Each structure stands twice: as structure tokens, then as C-alpha cells.
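Asks: sequence first, then the predicted structure, then my questions.
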2 protein chains.
Amino acid sequence: MSDAKVTLDDAQGVDTAKTLAADVLGRAATPTFRDELIDAGLLIPMGVDGLYGRSEVFESVVEGINNLVTRRGADQKAEVMRFPPAMNRTDFEDSEYLKSFPNLAGTIHSFCGGDREHHRLLKCLDEGEDWMENQKPTRAVLTPAACYPCYPVVAKRGPLPEEGRTIDVFSYCFRHEPSLDPARMQMFRMREYVRMGTPEQIVEFRAMWIERGKALIETLQLPHWIDLANDPFFGRGGKIVADSQRAQELKFELLIPIESEEKPTACLSFNYHMDHFGELWKFHTADGAVAHTGCVGFGMERTTLAMFRHHGLDVTQWPAGVREALWGQQ
Amino acid sequence: MSDAKVTLDDAQGVDTAKTLAADVLGRAATPTFRDELIDAGLLIPMGVDGLYGRSEVFESVVEGINNLVTRRGADQKAEVMRFPPAMNRTDFEDSEYLKSFPNLAGTIHSFCGGDREHHRLLKCLDEGEDWMENQKPTRAVLTPAACYPCYPVVAKRGPLPEEGRTIDVFSYCFRHEPSLDPARMQMFRMREYVRMGTPEQIVEFRAMWIERGKALIETLQLPHWIDLANDPFFGRGGKIVADSQRAQELKFELLIPIESEEKPTACLSFNYHMDHFGELWKFHTADGAVAHTGCVGFGMERTTLAMFRHHGLDVTQWPAGVREALWGQQ
């Protein structure tokens, strides 16, 4: 902080002072989109960056988009599975998520002491000291992506039928990336259709959902484009993996500008995992080959935020066609 | 284990062997209700006691009950707040939950190392060793009850209006109590109406919801009764607190037999917190007194399980009146 000397006798100094004051208030000098959402009561701050309560109106948009996805995917005859926002730690370890994104995962820990340790815990709390020493890892971790719990479940059923399988999942997910960008929450909901089968089945599924995803976002009258993408792999080795993912065209995203035009937000993603999950959980197609998998993911909060960004904070003023797509005849 | 010697040459030995075999399969010798739910595909085991996926049918019952609660509570003009399944650790510490139920809470931890620590983590994983040393507590903890995040939010708004406030919350909650009883999940959903105001307002609200709760469960045609109750306070001191809670009649439960008649399951609870939360988060009524609070909680999974227990696993065979209450005219 020694470089951040504030001098109030020039314009830059005033700006710096403004910024510092705004920081104190937890707000930028000019209201950000986040501020607007909070002021409108759509998001409720919870004192941790990336954790928010949602208002009834916000939820009605989430629900409207979710129902629209259901209607557009009805012909998929997907098996609906609804998992809680936590999964088996062993399955999570097997998933190799920790190889790629150790920094984003959330493990769940619980107090495992007796009366004596409890007294110490309360004393630490009272004195503002660290009370975590008796928190031990449980057998559960937070779900990092809605589809993760479904692979081991499907694998246990034996070989896939001829036509493969399509699973419909939806859950809260956790990623430890505290941010002031409302489109980067630590807890958010993801709806997915997951496809399991032969490489041809997955590639066809993904191509179809890229078209359907675009059509869905067009119905919602949002600006968007599709781009090749990579996941944010961790560490020095991460760049190599990311480059390889791009070279193989394994991930596409549907981008919508929310916080800025230059850095648009991935609201939908279209992923081809090749045989990664099939190998890990040993599941096979009808003819005995290792199954390939892919998925289309809908970021529910991100798409909802894009709606508020582009159609305004007052849903009663949204275009009639958008309102009808979300909530039917009114 | 030295006492658990198995001798196969007498009836007891055979029984023991059967039980051991059943343990290996994770099932009792006679199918339990849990087994039946899993065999029917309603619950999907996730390899951790108390964590389950839910089928489409299971979810349709949850949704039906939730909508019924909404209709019965429409006149409350409650403010809808939907929080994610995690909350601010500081608020959680302030709540004194750790004083009463340290063993049930779940804290969220994340990897905070760099490349070197990441290599060690992966090595530990490969070798089946503990990889948790670089998992550090985040600023978030899992929500222990749906209403917890709403008190600090409401407190920040200043004194309550004359008529008090009623908040409508719904979220996944976590409690670390691994169990084979499907009615004791580690992650489950709770819907609540939370009342904040004068003691008279809370007492009236609670009495009304005890009647409404009974009427709602009668509509669902489930056997039930109301009983005085206490929370499972931790440790040696816990019994004293529990006795005091009972003596003051602060908690009532609506019980439904699920696993057994002798140990019925609390599906709804009706709570008067007195000025506990008002004191902790410093919020006041219009005339400046510390606010009192209370809530009615609906255990969504428990009530759903009670439906399957009493009406059977095939929802198409449920009584017409029950089906109509859940899903309207069909």
C-alpha cells in the first residue's frame, strides 16, 4: 500500500480518493451492474463475494428459463436425476477434478470432537481465534458441475443400451472463486443434458444442442455468439492441457456480453469429454467399447443475469415474446 | 470386533452370518423401506449414507407439496427469499449454532496452495493418502436450516414495520449425521415461513401454523400428531438446554410414522425462538423492543417419504384427493 499515496490536489488524486471511499462502501464510484441488481432487490448480498440470496422475481426468471429448456429438450426423453449439491468424496477423487481445478473445489468438513474439544471451539470463537482444528473432512464434497454425480450412477448399471443414454440433471454447484462479478458466483445452478454412448452419438448430440442453444437464446432475444473455449486448468501445466482441449475442439461456449463486450460471459457450454469419464468409471457401449460422453450445460444464474442486463431490471417491461417464452400466455 | 465371533453351527450364528452378508451388500436381510425406495428407482444411492439422487417422480411429489404449502400460505404475503445452500461464515458463527449443534455443521474448505502443493496433493491421491493438508476454510459454511441466512439480511434493514415481517425461504440444508434411515438425510430441503415481530405476533403465527400444518397433512391423508419437542443439543450440557426448551414449550413437531410407529419422524416443526435471533443480530420492532422470531418448517424429503410410506411407491395408485392436492385436475 506504500505506493497508493493519495494526494487530493490533482484530478487523479480525487479519483483515487473516490475509489478508496467506494472500496470502503464495497461499491464502485459509478454503480456497477451488481449494485443495480442489489438496489433493485433482485440479488441479496450475503456478506461473501459470490454468495447472494435471490428475490422472487429473479427466481421466476430462473424457473422460466428452466422450463423453456425442458420444453426444448422434451424429445430427448432424458432420464431426470436430481442430486443434492454434494457428492461422494471417493467419486469426486476418482473424477480427476482435483488434477485440473483443485482451487475451485469445496470439501465439506465437520466437527468430530467431544465435550472437551467443544469447549475449546467455543473459547476460540469467543476470542476471535481459529476454531477449525477439530473440523475433519467428511465423506462429502460440494458438487463442482451438475453432471458429476451421474456418471458413477450410470456406470453401475452396466453397458449402455444401443441408443446410449441421455440424463437430465440440475443442481446447485460450488466453485471457490470469490468475485464481485455477479456472473461469477460461488454457488450457482446448472442445468444439463448429459449424453453417453458412441463417439458418433456424442458428436451428433453436441452439434444439435449448439443449434438448439442458439435458437433458445434467440427466443430470449439476447445478443450472443458461439466460440471455441477451454476450461481454466490449474497451474503451470494447465496451459498445455487447455491448448490441447482447444486443438481437439472439445469445448464450445455460447457467449453473451454481461459485464462487458470485451469479456463476454459463457452462459451455455457444449462439451465433448471423449472417453475421459467412460475410462474413469469403466462404462461401456452395447458393443463393449469404452463409452464416450458429452453434455450441454445451461448456466441458470448467468442466463438470468443476461436477461436483466439486456432487457432491463423491470420484467414487466420485457418484450412480449420474451415474457411469453418464459411464462406463457399472460 | 473380537466379540463378534461368528459360529455357523447354531441359529444365532446363521442370523449373524446373514446380517454380516447383508452388511457387505449394504442391505438388511429383509428389505427395508430404504431398499424399497432404491429398488423402485425413487432414491438413487450415491455411496454415502444420507446422500441420494432423486427420481423425476420423487421430485414431482416434492414440488407438489411445495406448491400446496405456497397455496396454503398465500395470505401471508411473505417476502420470498431464495438463498443458495451456503451462507457467510461470520453470520454462521454469530448465530451460535456451534454452541448447540457443532457436530451437525458443515464448513466448506478449499485448496489454497500453488503448483508445488498441487503436486503433493496429486501424489497423496495416487497413493491413497490424506490429501487435505492444503484445504483451508473458506468464508462460507453450509446452511444448517433454511431460515438462517435471512435474519442478518432483515436485521440490516432497520426496525421492523408495525405489522412485523414474514419471510418465505426454501433451500437445501446440510447436517452431518450419516444414517441409513432415508428420513435422516445429510442434504435435504426445508421450506419455511419465518415470522419476525412482537412476542404476540410470533405466538399467534405459530398457533395458526400448527392448525394449518395439521390441515395440510390431513389433505395429504397421512397419519400424524403434534408433540412438544426439543432440538438435539450437543454434549453433556445439551440435556439441560433441551429440558429448558421443553419447559418453555418453544418447539412443537408434527410427527408421522415413517421408519416405525414407536419413533415417528418430525416432518413439520413449529418454533418460537423468543429474542434469540433478535438479540444476536440486533433487530427491533417498530417500538424499539428486541424483535422476537419464530418459524414453521416443512421437511420436504421427510413429508415426501411419508407419502411413499403410507400411499405406496406407485403414485398413480395414490388416492384421487391426494393426487389432486399435489398436481391439480388430471
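Replies: Perfect, thanks for sending it.
Asks: quickly find the element holding the closest residue in space to A:P152 that isn't next to it in sequence.
Replies: Spatial nearest neighbour of A:P152, excluding adjacent residues (Cβ to Cβ, 6 or more residues apart in numbering or on different chains): A:D91 at 4.7 Å. (C-beta placed from N, C-alpha, C; glycine too.) Assigned by DSSP states H and E, A:D91 belongs to helix A:89-94.
Asks: next: A:R212.
Replies: Residue-wise, A:R212 maps onto helix A:199-219 under DSSP H and E.
Asks: just A:R120 next, same as before
Replies: Using DSSP H and E, A:R120 falls in helix A:115-126.
Asks: I'd like to check the angle between whatever helix or strand comes next after that helix and helix A:115-126, please.
Replies: For helix A:115-126, the succeeding helix or strand toward the C-terminus, using DSSP H and E, is strand A:135-142. Angle, strand A:135-142 to helix A:115-126, by axes from the mean of the first three to the mean of the last three Cα atoms, to 10 degrees: 80 degrees.
Asks: pLDDT on strand A:135-142, on average?
Replies: Taken as a whole, strand A:135-142 carries a mean pLDDT of 97.
Asks: from the middle of its chain, how far away would that strand be?
Replies: 21 Å (Cα atoms, centre = their mean, to the nearest Å).
Asks: same check on stretch A:229-238?
Replies: Remark: stretch A:229-238 is offset 17 Å from the chain centroid, using Cα atoms, centre = their mean.
Asks: which of the residues in it are buried?
Replies: Residues of stretch A:229-238 classed as buried by neighbour count (16 or more other Cβ atoms under 10 Å in any protein chain shown): A:A229, A:N230, A:D231, A:F233, A:F234, A:G235, A:G238.
Asks: now swap in stretch A:306-324 and tell me
Replies: Buried residues in stretch A:306-324, counted by 16+ other Cβ under 10 Å: A:A306, A:M307, A:F308, A:R309, A:H310, A:H311, A:L313, A:V315, A:W318, A:V322, A:R323.
Asks: which of those residues sits closest to chain B?
Replies: Chain B lies nearest to A:V315 out of the buried residues of stretch A:306-324, by Cβ to the nearest Cβ, at 14.3 Å.
Asks: show me what contacts the closest one?
Replies: A:V57, A:S60, A:V61, A:R323 (Cβ atoms under 8 Å, 6 or more residues apart in numbering or on different chains).
Asks: format those residues as TSV; extra columns: pLDDT and distance to B:S269.
Replies: Compiled in TSV, these are given as follows (pLDDT from 0 to 100; distance: Cβ to Cβ, whole Å):
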residue	pLDDT	distance to B:S269
A:V57	98	29
A:S60	98	28
A:V61	98	31
A:R323	98	38
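Asks: which of those ranks first by neighbour count?
Replies: A:V61 (26 neighbours; other Cβ atoms under 10 Å in any protein chain shown).
Asks: give me the helices and strands touching the helix or strand containing that one, please.
Replies: Using DSSP H and E, A:V61 sits within helix A:56-72. Judged by 3 or more Cβ pairs under 8 Å, 6 or more residues apart in numbering or on different chains; DSSP states H and E, the packing partners of helix A:56-72 are strand A:187-197, helix A:199-219, strand A:292-299, helix A:300-311, helix A:320-327, strand B:79-82.
Asks: just so I know, which of these lies nearest B:L121?
Replies: strand A:187-197 (23.3 Å; Cβ to Cβ).
Asks: wouldn't A:I256 be in contact with A:Q221 here?
Replies: No. Look at A:I256 against A:Q221 with Cβ atoms under 8 Å: they stay out of range, at 11.2 Å.
Asks: between the two, tell me which one has more neighbours.
Replies: Neighbours were counted for A:I256 and for A:Q221 using other Cβ under 10 Å; A:I256 has more, 25 against 14.
Asks: which non-adjacent residue is nearest the residue in the stretch 101-250 of chain A that chain B sits nearest to?
Replies: Closest approach between the stretch 101-250 of chain A and chain B, counting by Cβ to the nearest Cβ: A:M187, at 3.6 Å. Of all residues not flanking A:M187 in the chain, B:P84 sits nearest, at 3.6 Å (Cβ to Cβ, 6+ apart).
Asks: then A:D168?
Replies: A:A78 (3.8 Å).
Asks: now for that neighbour: which residues touch it?
Replies: Counting by Cβ under 8 Å, 6+ apart, A:A78 makes contact with A:T166, A:I167, A:D168, A:Y193.
Asks: before we move on, what about A:S179?
Replies: A:S179 neighbours (Cβ under 8 Å, 6+ apart): A:D49, A:G50, A:M185.
Asks: with that, I have no additional questions.
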